[in-house]
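In: Next one to model:
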Amino acid sequence: MLAAGLSVQFASTDFPSGLEVAAAAVACLLLGWYGLVGAGPARFLGLGGLAMAFTAAVILAIRDGELLEFLVLAVILAAGAASARRAFKVRVPLPEAADPEHPVLFFNPKSGGGKAERFSLAAEAEDRGIRAVEMKPGCDLERMAREEVEAGADALAMAGGDGSQAVIVAVAAEYGLPYACVPAGTRNHFALDLGVDREDVVGALDAFVGGGERRVDLAEVNGRVFVNNVSLGVYAAAVQRGGYREAKVRTLLETGAEMLDPGSTGSVLKWKSPSGREHSSSAAILVSNNLYRLGSALGSGTRPRIDDGMLGVTVFADPLDGGRRLTRLQRPWRQWSTPTFEVSAPDPVAAGIDGESAMVDPPLRFAIRPAALRVRIARAHPGASPSAAMPGSFLGGMRALLLIATGRPPVERASALEAPHPDGKSDRG
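Out: Sure, this is the predicted structure:
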């Protein structure tokens, strides 16, 4: 309120030049908000725009002799933005769980640029009573995990990429054992949405030392478990190409141009929308373990929940689908949730399963496994996705802040942080 009052003063006391300073201050507020609470590119764009808007505001304030007033306003806005971020910070109290007696950590020494070695994960694990098993080139990770379980392991952890996480997750879920995700991969998407602090690699080991436990869903395609998503179409085809690792963007653009060419002979995927209508597509389909948030700078690309008991399906626009063109106001994708989903094709389908390339025989049958995995998370970590308590828009954020200021939790926060029952249903049913 104080910031709003100062902005009005700027605009009224030295009109119209004061209006320019006030407008720049508002731009700083909006861009700073996205820079603080946004994810991925939105954060960088927000912070970059904030720097430019702030510079412009300072120049205008100096010109009008109002630099001191503007700096006071800037401090107030910065404090407000920081308070807003703190208000939406996730910290979920997890149920108590007995520490395992014979936990085992599998780690990939090459993953994430050598994080396991850099953080001395093997030694840190041994100090906590966790047996550390190193992955060797060409090893059968699933077989190794099963052998450890047969030898008496009562909890499993994985320090590596999401593809390796999925292998250990599948074994842990099959035997009903608790699992811990150690963010030693490159991007660690699963860790992020689980509520594991991706910057605290060593601290993630404390999941087995006084950590809490929650249940989350798993998804499968033709019986193969995945923790994040399966991509079909452009991205999946690009991953199959030999030069993808060295030139990802260029390969994606080249693959997309080829597949979206009306004369393309690429494999056409067939699927049904919620209405039951059959569609054909070769552009991109993303089937995920719970629905991703897209189209919002706040938490975009993350899943607010992984315990909703539903698959997320995202289909991107394709010129082959009826030949219809999108208007500028239409989103180039559609999303929905469903417990099952099926994709048919005339030939084996190129797929990116948790970021790893694979060829899958059609039909591709997707299904959700509600509350299939017992996840252990360190007490010092959030315990839920960063977007779990985050509003989906700026206006939604303002509304949520008003509710917090009046002592009432925002609806987005209350619903997102409900603890799931063992059957996968929320406390509200």
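
In: Count the residues that sit near the residue lying closest to Asn229 once chain neighbours are set aside.
Out: In this structure, Asn229 finds its nearest non-sequential neighbour in Ser288, 3.9 Å apart by CB to CB, 6 or more residues apart in numbering. Glycine gets a C-beta too; all of them are placed from N, C-alpha and C. The local packing of Ser288 (other CB atoms under 10 Å) involves 24 other residues.

In: what's near enough to touch Ser288?
Out: 219, 228-230, 303, 311-314 (CB atoms under 8 Å, 6 or more residues apart in numbering).

In: List only buried entries from those.
Out: Among the contacts of Ser288, those buried by neighbour count (16 or more other CB atoms under 10 Å) are 219, 228-230, 303, 311-314.

In: ok so, going back, and the residue nearest to Asn229, what element?
Out: strand 284-289 (DSSP states H and E).

In: which residues are in contact with the very next helix or strand once past that strand?
Out: Sequence-wise, the next helix or strand downstream of strand 284-289 (DSSP H and E) is strand 311-316. For strand 311-316, contacts defined as CB under 8 Å, 6+ apart pick out 219, 229, 233, 271, 279, 281, 283-292, 294, 303, 332-341, 366-368.

In: Give me the pLDDT value at the closest residue to Asp361 other than its chain neighbours.
Out: Closest residue to Asp361 in three dimensions, ignoring its sequence neighbours and counting by CB to CB, 6+ apart: Pro348, at 5.4 Å. Each residue has a pLDDT score; the one for Pro348 is 92.

In: Please apply the same query to Val268.
Out: Listed pLDDT for Val268 reads 81.

In: just checking, it touches Ser280?
Out: Yes: counting by CB atoms under 8 Å, Val268 does reach Ser280; the two are 5.0 Å apart.

In: Can you check what angle separates the longest strand along the chain from strand 311-316?
Out: For the chain, the strand with the greatest residue count under DSSP state E is strand 364-377. The directions of strand 364-377 and strand 311-316 differ by 120 degrees, with axes from the mean of the first three to the mean of the last three CA atoms, to 10 degrees as the criterion.

In: pLDDT (mean, whole number) over strand 364-377?
Out: Mean pLDDT, strand 364-377: 98.

In: which residues does Gly176 contact?
Out: By CB under 8 Å, 6+ apart, the contact set of Gly176 is Arg374.

In: Distance check, it against Glu213.
Out: Distance, Gly176 to Glu213, using CB to CB, to the nearest Å: 12 Å.

In: Next: Val360.
Out: Distance from Val360 to Glu213, by CB to CB: 32 Å.

In: Which one of these two is surrounded by more residues?
Out: A count of neighbours by other CB under 10 Å puts Val360 above the other of Val360 and Glu213, at 20 against 17.

In: what is the more buried one paired to in the beta sheet?
Out: Beta-bridge partners for Val360, by DSSP bridges, are Val349.

In: where does it land on pLDDT?
Out: As predicted, Val360 sits at a pLDDT of 95.

In: wait, isn't it in contact with Gly223?
Out: No: using CB under 8 Å, Val360 is not in contact with Gly223, being 10.5 Å away.

In: Please give me every residue in contact with the residue nearest to Asp361.
Out: 359-362.

In: Just the closest of those to Ala166, please.
Out: If you rank the contacts of Pro348 by distance to Ala166 using CB to CB, Val360 comes first, at 14.4 Å.

In: Using PyMOL, define a selection of the buried residues within the contacts of strand 311-316.
Out: Selecting the buried subset of the contacts of strand 311-316 in PyMOL, with 16+ other CB under 10 Å as the burial test, is done by:
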select buried, resi 219+229+233+271+279+281+283+284+285+286+287+288+289+290+291+292+303+333+335+337+338+341+366+367+368
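
In: hang on, the earlier thing: could you give the angle of the longest strand of the chain to strand 284-289?
Out: Compare the direction of strand 364-377 with that of strand 284-289 by the same axes, to 10 degrees and you get 40 degrees.

In: for Ile168, helix, strand, or coil?
Out: What DSSP: H, G, I helix; E, B strand; the rest coil gives for Ile168 is helix.

In: Let me know the pLDDT of the residue nearest to Asn229.
Out: Looking at Ser288, its pLDDT stands at 95.

In: Got the domain ranges for the chain?
Out: 2-87, 103-215+372-391+409-416, 229-370 (automatic domain parsing).

In: now the end-to-end length of the longest one.
Out: From the first residue to the last, domain 229-370 extends over 15 Å; the measure is CA to CA, to the nearest Å.

In: where exactly do the helices run in the protein?
Out: For the chain, applying DSSP state H gives helices covering 2-13, 17-37, 41-63, 67-87, 115-118, 121-127, 141-150, 162-175, 189-194, 234-240, 248-259, 394-405, 411-416.

In: mean pLDDT for the ones you listed: which is lowest?
Out: Between these, the one with the least mean pLDDT is helix 411-416; it has a mean of 39.

In: In CSV: the buried ones among the contacts of Ser288, plus pLDDT.
Out: Shown next, in CSV, are the buried ones among the contacts of Ser288 (pLDDT from 0 to 100):
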residue, pLDDT
Ala219, 98
Asn228, 95
Asn229, 92
Val230, 93
Arg303, 91
Leu311, 98
Gly312, 96
Val313, 94
Thr314, 89
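
In: nearest to Ala388, of those residues?
Out: The shortest approach to Ala388 among these belongs to Arg303, at 8.9 Å (CB to CB).

In: how near is the closest one to Ser111?
Out: As judged by CB to CB, Arg303 and Ser111 stand 22 Å apart.

In: what do you get for Gly352?
Out: Distance from Gly352 to Ser111, by CB to CB: 17 Å.

In: ok, the two, which is more surrounded?
Out: In this view Gly352 and Ser111 are compared by other CB under 10 Å, and Gly352 has more residues nearby, 24 against 20.

In: from what I can see the more buried one touches Asn228, true?
Out: No: if you go by CB under 8 Å, Gly352 and Asn228 don't touch, sitting 9.9 Å apart.

In: Name the nearest residue to Gly152, ignoring sequence neighbours.
Out: His102 (5.2 Å).

In: count of neighbours near that neighbour?
Out: His102 has 14 nearby residues by other CB under 10 Å.

In: who does the strand holding Ser288 pair up with?
Out: Here strand 284-289 has these sheet partners by DSSP bridges: strand 229-233 (antiparallel), strand 311-316 (antiparallel).

In: Compare those strands and give me the one nearest Ala159.
Out: When the strands paired with strand 284-289 are compared by CB to CB, strand 229-233 sits nearest Ala159, at 21.2 Å.
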